[in-house]
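Engineer: Next input, structure requested:
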Amino acid sequence: MKTREETEVRDTPTVPDSDRARRRALLAKVHIAARELRISPADYRALLMGEFGVPSASALSIGEIEILLEHFVGRGWRPEDRRNRRAHIAAMRRQKQIFALQARVRQIFSQLEDSDERRLQGLCEKICDTRDLTSCRDPGKLRRILAVLSSIKKRESSVSSSLH
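Structural biologist: Residues are numbered from 1 along each chain as shown. Now for the predicted structure:
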C-alpha cells in the first residue's frame, strides 16, 4: 500500500519551476483578493464549485486561476502593484524622518534662552527658503537648522557658565 506522499509525488506531473512559481503567485493573489473582497469561506467554496467544479483553488490550472482573478477584478478588486507599495513605504519612512527632525528642531529651539518664534522663522527663511518649520520638507536642510541651533545652544551655555 502506498503512502500519501508517494501517491502525490508520483501523480503530480513535472512542472517547470517558472510555472510553479507563477502558479504560487497567482494562488496567493486569489487568496488576497478573496480576503480583500471579504468573501466568506462558504461563498468562496461555492464559487469554486459552481464555476470550476473544484473544492479548492489549488486544483485549478494556471488559466483557470487567471479566469478566477478576472472574476475578482470584475467584482471590484484591484491588485496592488508591488513597486507602488515599495514607493509608498519609502515615502512613509521619509515622512517619519521629516517629522522626527522637525520635532528635534522644536525641542532644541525651546531650550534656547531666546526662543522667540520669529527667531526660528528667520532661520527657516535663511536655510529652507520657507516661512515656517512645517513647510520645510528637506531632511538635509532640517539637519542644517539642527546644527545651527546646536551651535547657538553651545554658545549660550558657554556664555552663561562664564558669567557665573
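Engineer: and residue 152, what helix or strand is that in?
Structural biologist: Element membership for residue 152 (DSSP states H and E) is helix 139-163.
Engineer: buried sites along that helix?
Structural biologist: Buried residues in helix 139-163, defined by neighbour count with 16 or more other CB atoms under 10 Å: 141-142, 144-146, 149, 152. Any C-beta I mention is one placed from the backbone N, CA and C, and that applies to glycine too.
Engineer: other SSEs contacting it?
Structural biologist: helix 82-110, helix 117-128 (3 or more CB pairs under 8 Å, 6 or more residues apart in numbering; DSSP states H and E).
Engineer: can you tell me how far residue 89 sits from residue 34?
Structural biologist: Noted for residue 89: a distance of 24 Å to residue 34, by CB to CB, to the nearest Å.
Engineer: ok, those two, which is more surrounded?
Structural biologist: Neighbour count, other CB atoms under 10 Å: between residue 89 and residue 34, residue 34 has more, with 20 against 10.
Engineer: Find me the pLDDT at that one, would you?
Structural biologist: According to the prediction, residue 34 has pLDDT 94.
Engineer: need the contact list for it.
Structural biologist: 44, 72 (CB atoms under 8 Å, 6 or more residues apart in numbering).
Engineer: does it sit in a helix or strand, and which one?
Structural biologist: Judged by DSSP H and E, residue 34 forms part of helix 17-36.
Engineer: list the buried ones in the helix or strand following that helix?
Structural biologist: Where DSSP H and E defines the elements, the next helix or strand beyond helix 17-36 is helix 41-52. Neighbour counts over helix 41-52 (16+ other CB under 10 Å) mark 44, 47-48, 52 as buried.
Engineer: Among those, which one lies nearest to residue 158?
Structural biologist: residue 44 (70.4 Å; CB to CB).
Engineer: Would you state the predicted confidence (pLDDT) at the closest one?
Structural biologist: pLDDT, residue 44: 95.
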